[in-house]
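Asks: Curious how this folds, go ahead:
(2 chains)
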Amino acid sequence: DVKVTQSSRYLVKRTGEKVFLECVQDMDHENMFWYRQDPGLGLRLIYFSYDVKMKEKGDIPEGYSVSREKKERFSLILESASTNQTSMYLCASDGGSYGYTFGSGTRLTVV
Amino acid sequence: GQSLEQPSEVTAVEGAIVQINCTYQTSGFYGLSWYQQHDGGAPTFLSYNGLDGLEETGRFSSFLSRSDSYGYLLLQELQMKDSASYFCAVAHSGNTPLVFGKGTRLSVIA
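Replies: Have a look, this model is predicted:
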């Protein structure tokens, strides 16, 4: 089974901090995604990548950046954390079948 | 623009059948996926419909009508463990990320 691992399950950060969320997949998938999930809003796409060193903005990229230096790793960066970035962050991997495999998520609280 | 509409909440009795509908308006359409998410868990893939018709996987089935921009997830012989949120998601083309609906919270009661 494809495994997508997110480095932290829970994080608490202070306003203005730079935050790194790490995601690693073990099935050699080309496609990786970062979504955030908020109550009543579903999953919203932040950034995605279809290849190493490639990145594309999703629907809500403001305040975020990403890095994909290796195929298996896709990092989400909050340049200067703000309270409105308190959310559940979900990383996903896909081999091209639209059957995404999600990580367990990182619940980030910005105080 | 793009939008997906699904009911926010559905309640059904254990052992019964429930249908969760999804209508979509998108600039392009490639296929419809369904995901299940238990409280505190990650979304897990259930099914994908690229063509019109019914896809069956055990107790779960998914249907697509491209002409009606409509699909549904059918859950049969409901069990308490089916209580979860269910998301429909649309692919605009063969190489674009999924766009998710806001989810339907299913509660299965005894």
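Asks: Quick check: residues of chain A near chain B?
Replies: Selection of chain A residues close to chain B by CB under 8 Å from any CB of the partner chain yields A:33, A:35, A:40-45, A:48, A:50, A:58-59, A:90, A:97-105. Heads up, the C-betas are built off the backbone N, CA and C, glycines and all.
Asks: Could you list which of those belong to strands?
Replies: Among the residues of chain A next to chain B, the members found in strands (DSSP state E) are A:33, A:35, A:42, A:43, A:44, A:45, A:48, A:90, A:101, A:102.
Asks: Which element, helix or strand, includes the residue lying closest to the last one once chain neighbours are set aside?
Replies: Pointing back at residue A:102 there. Closest residue in space to residue A:102, ignoring its immediate chain neighbours: residue B:42 at 4.0 Å, by CB to CB, 6 or more residues apart in numbering or on different chains. Residue B:42 belongs to no helix or strand when assigned by DSSP states H and E.
Asks: check contacts around residue B:42.
Replies: In this structure, residue B:42 makes contact with A:90, A:102, A:103, A:104, A:105, judged by CB atoms under 8 Å, 6 or more residues apart in numbering or on different chains.
Asks: Could you pick out the buried ones from those?
Replies: Taking 16 or more other CB atoms under 10 Å in any protein chain shown as the criterion, what is buried in these is A:90, A:102, A:103, A:105.
Asks: and those, which two are the farthest apart?
Replies: The span of the buried ones among the contacts of residue B:42, defined through CB to CB, is set by A:102 and A:105 at 7.4 Å.
Asks: Name the residues contacting each of those two.
Replies: Both residue A:102 and residue A:105 are contacted by A:90, B:42, under the criterion CB under 8 Å, 6+ apart.
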